[in-house]
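1. generate a structure from the sequence data that follows.
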Amino acid sequence: METIKEAAMTAATKAGYRPKIASDEIGRTVYECGFKKGVEFAQQWISVKEELPNQYKKVLVKIALLNCTKENEFDFSVAMIAHTGDWDVFFGKDRPITHWREIELK
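-> Purely as a prediction, here's the structure:
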């Protein structure tokens, strides 16, 4: 599996970066920065206090652990907002969901 840096270089090359042309370094930097920002965006968690996913959209969720002594420790599951407006959690029911993020990007 490629590292993020290797994948950024691959994406820059596919987008038109030509490594044999010295003046194209600016293009490479722009492509790589854009790719890395896309990776950061795809990995961000959205607080349920800020926004909820669209109804019936399956998302990855962070579920708070009950009686946990460690801060920032979570379980993870797949869930969606049902027609009732409530979370339909596939694993880890009856515990509060704190964050969510997309499962796949198109």
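2. A7 belongs to a helix?
-> Yes. Under DSSP: H, G, I helix; E, B strand; the rest coil, A7 falls within a helix.
3. what kind of secondary structure is the closest residue to it other than its chain neighbours in?
-> Using CB to CB, 6 or more residues apart in numbering and skipping the chain neighbours, the partner closest in space to A7 is F35 (6.9 Å). (Each C-beta comes from the backbone N, C-alpha and C, glycine too.) Here F35 is helix, with the state taken from three-state DSSP.
4. from here on, call the first residue 242.
-> All right, first residue 242 from here; so that's F276.
5. neighbours around F276, how many?
-> F276: 19 surrounding residues under other CB atoms under 10 Å.
6. for I344, what are its contacts?
-> Residues in contact with I344 (CB atoms under 8 Å, 6 or more residues apart in numbering) are K299, V300, L301, V319.
7. quick one, phi/psi of the first one?
-> Going back to what we said before, that points to K299. Dihedral angles of K299 (phi, psi; degrees, to the nearest 10) stand at phi -70, psi 130.
8. repeat that for the last one.
-> Taking degrees, to the nearest 10, you get phi -110, psi 140 for the backbone angles of V319.
9. what about it, neighbour count?
-> 15.
10. quickly note the distance from it to V330.
-> Counting by CB to CB, to the nearest Å, the gap from V319 to V330 is 8 Å.
11. same question, Y297
-> Y297 is 14 Å from V330, by CB to CB.
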